[in-house]
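A.B. asks: Let me see the structure of the following:
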Amino acid sequence: MDVTLRIPSLPDESDIKRVRTSFSDINNMAYGISDMLGYDHLSMFDMVVPNFRGKDNECIFGMFGRPAPTQPSGKVGRFLQETFASVLAEQLEKLEDFESVTDAIRRSFLFSNRQAFDYLTSVAQERKRSVASTHSIDEMFRAWSPGPTSLFKTGASGAVVYLADKTLYCANAGQALVVISRKGEAELLSKNHLSTDREETARIRRAEAWVSTKGYINDEKEMDISRAFGYWHQAPAVNASPEIRVRPLTETDEFVIIGNSALWACCSYQTAVDIARTERDDPMMAAQKLRDFAISYGAEGSVMVMVVNVSDLFFNRGGRSRGTGSGPQIMPDPSTVDPDANFMRAVRRRYEEVGDRTLNRLQQEIEPPQGQIAIVFTDIVNSTHLWETNPSMPTAIKMHHNLMRRQLRLDGGYEVKTEGDSFMVSFQTVTAAILWAFNCQIGLLREEWPRELLECPDGNIVHDSEGNIVQRGLRVRMGIHWGGPQCERDPITRRMDYYGPMVNRAARINASADGGQLMASQDVIYEIELLRDYLDSLDDEGLTDLPAELKREVQEIRRVGIEIKNMGERKLKGLEGEF
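C.D. replies: As a prediction, this is how the structure comes out:
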């Protein structure tokens, strides 16, 4: 529960009460956390350290604990919360010239685990003295058992994110996981250390332990994780050696989600990113939505979620809206925006909400582009033959449509209409259209297509001369053209439709492409060269002042890599002219 205190001093924490006083901004990044107690004791503990080691460009985020420990004790998680930052700072100071930051993080996990053992040993000794002072020697020995005490059977998962400048170091042991959103696409930065994982099972067997058919190590109840802090009675089968990932941040990275196993048991990584993106400007609300989503789907035990907007390292928080002009442009003055028009736009969007709840979790579809726009047509090669001969086509078409529509929302496109397996979409800028086409083609190569499709000639895997995969699954051809079509809303579908020679030319360009190709008209090539010359003329300060969305699009295209290949002159069926 959130409570506003009117007293000068804060109450003390206990096993059933937490007092959190963290800031909403950490090193100029918006930050939010939300959790649920779950049981009658605290078992999850968060760690937030701004200005780590006294530096403005370093900070730490993390969490320790298990959502439903076997014993009502959070001593291991509490100890790690209080000591891990100091251990990491000490290890970073001790780094040799030939060592890296990952070496310091790994040693910090192992040393913290050893210090937690020493701490619990001292606690156990204090308890033993207390028992000896209040009971007779005979009673004490009758209550004694040769096995490990309950304190040493407890443990905690842990996930730590260390940010230094614009480099992210992620380490975890157990089931606390870290996910980053790269322009709406979820990327897992951690490893879920389950005992049933093939690599972990092999390591456990090498440690002379075994995994039962229920997934428990040595058939001990609740011991289903292979790496964690604590659980020393199962060492070395269970240890605190972390999984470490190093990831340089870019302009396309939006936020980081850190969650415990109670969240990820009820929520996929992509669903978590989609939900958090609905509150990109308020990570606190994003964390609360994720927590409530997990609770509504039956999360057991304590739930803890942290959301950090890493995009604030690159952009101001007010610069996330998409421009509406073509090419380089200046963001509109808010004072010139008509509030009545905004209200009517919101009403129209609510009315036009689609029935797909996955799409509804993403950002709203853009307004229909008008004026000079880019139109893209897509088509599946040999789709008629596939429908007649391949039983996996219904599943493959659904996967194709979901990929196209999801990427449209992420890249700011407008779906005009579909005809069978063909899409007609429009964009306000050439950069957005090219980026959407590239992302879709890359996504088609990565889809988990049905086996029947991958085994047929029209869907098998094809490599180029260098061994790169160039075709896999459905082959989609695309054609893009830039111009000013006639536009009018369809009276039945109430969606914007486009007509005229410009649209006809775009359709013919698409028909001349092959599977996996993106054919572009000379007008598109001219716009690309014009934008490239404009960007080359800017200095570093000018690049910084570009609109946020245009800068993201340019950075993403550079990351993917663009190469223009002259395909020669082609005759367009039914049209006079060539491209």
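
A.B. asks: Go through the helix or strand where residue 273 lies and flag the buried ones.
C.D. replies: Assigned by DSSP states H and E, residue 273 belongs to helix 269-277. Of the residues in helix 269-277, 269-270, 272-277 count as buried by neighbour count, 16 or more other Cβ atoms under 10 Å. Placement of C-beta: from N, CA and C, glycine included.

A.B. asks: Please save the CA atoms from the lengthiest strand in the chain in CSV.
C.D. replies: Longest strand of the chain, by residue count under DSSP state E: strand 155-164. Presented in CSV, the C-alpha positions along strand 155-164 are these (Å, rounded to 0.1, in the frame of the first residue of the first chain):
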residue,chain,number,x,y,z
GLY,A,155,17.9,-19.0,-0.5
ALA,A,156,17.0,-16.3,-3.0
SER,A,157,17.1,-15.6,-6.7
GLY,A,158,18.8,-12.4,-7.7
ALA,A,159,18.9,-10.1,-10.8
VAL,A,160,21.1,-7.0,-11.0
VAL,A,161,21.3,-4.4,-13.7
TYR,A,162,24.4,-2.2,-13.6
LEU,A,163,24.4,0.9,-15.9
ALA,A,164,27.7,2.6,-16.7
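
A.B. asks: so for it, what's the average pLDDT?
C.D. replies: The average pLDDT within strand 155-164 is 93.

A.B. asks: Sheet partners, orientation included, of it?
C.D. replies: Applying DSSP bridges to the sheet, strand 155-164 is found paired with strand 58-65 (antiparallel), strand 167-173 (antiparallel), strand 229-230 (antiparallel).

A.B. asks: Helices along the stretch 51-200 of the chain, start to end?
C.D. replies: Under the criterion DSSP state H, counting those that start in this stretch, the stretch 51-200 of the chain contains helices at 75-93, 101-134, 137-142, 198-206.

A.B. asks: Poorly predicted segments of the stretch 351-500 of the chain, please.
C.D. replies: Applying pLDDT under 70 to the stretch 351-500 of the chain flags residues 351-357.

A.B. asks: mind redoing it with 80?
C.D. replies: Applying pLDDT under 80 to the stretch 351-500 of the chain picks out residues 351-364.

A.B. asks: where exactly do the helices run in it?
C.D. replies: 357-361, 383-389, 393-411, 430-446, 451-454.

A.B. asks: which one of these is the most hemmed in?
C.D. replies: Most buried of these, by mean neighbour count (mean count of other Cβ atoms under 10 Å): helix 430-446, with a mean of 22.

A.B. asks: Give me the helices and strands touching that helix, please.
C.D. replies: Applying 3 or more Cβ pairs under 8 Å, 6 or more residues apart in numbering; DSSP states H and E, one finds that helix 430-446 contacts strand 373-380, helix 393-411, strand 422-427, strand 476-483, strand 518-520, helix 522-537, helix 548-560.

A.B. asks: repeat that with 10 Å
C.D. replies: Counting by 3 or more Cβ pairs under 10 Å, 6 or more residues apart in numbering; DSSP states H and E, the packing neighbours recorded for helix 430-446 are strand 373-380, helix 393-411, strand 422-427, strand 469-471, strand 476-483, strand 518-520, helix 522-537, helix 548-560.

A.B. asks: Extract the CA atoms of it and return them as CSV.
C.D. replies: This file holds the C-alpha atoms of helix 430-446, laid out as CSV (Å, rounded to 0.1, in the frame of the first residue of the first chain):
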residue,chain,number,x,y,z
VAL,A,430,9.9,7.1,-46.7
THR,A,431,12.2,6.2,-43.8
ALA,A,432,9.3,4.7,-41.8
ALA,A,433,8.1,2.7,-44.9
ILE,A,434,11.6,1.3,-45.5
LEU,A,435,12.1,0.4,-41.9
TRP,A,436,8.8,-1.4,-41.7
ALA,A,437,9.6,-3.4,-44.9
PHE,A,438,13.1,-4.4,-43.5
ASN,A,439,11.7,-5.3,-40.1
CYS,A,440,9.0,-7.5,-41.6
GLN,A,441,11.5,-9.3,-43.9
ILE,A,442,13.8,-10.0,-41.0
GLY,A,443,10.8,-11.1,-38.8
LEU,A,444,9.7,-13.5,-41.5
LEU,A,445,13.1,-15.2,-41.4
ARG,A,446,12.8,-15.6,-37.6
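
A.B. asks: quick check: angle from it to helix 393-411?
C.D. replies: Helix 430-446 and helix 393-411 are oriented at 150 degrees to each other (axes from the mean of the first three to the mean of the last three Cα atoms, to 10 degrees).

A.B. asks: what inclination does helix 430-446 have with respect to helix 522-537?
C.D. replies: Helix 430-446 and helix 522-537 are oriented at 110 degrees to each other (the same axes, to 10 degrees).
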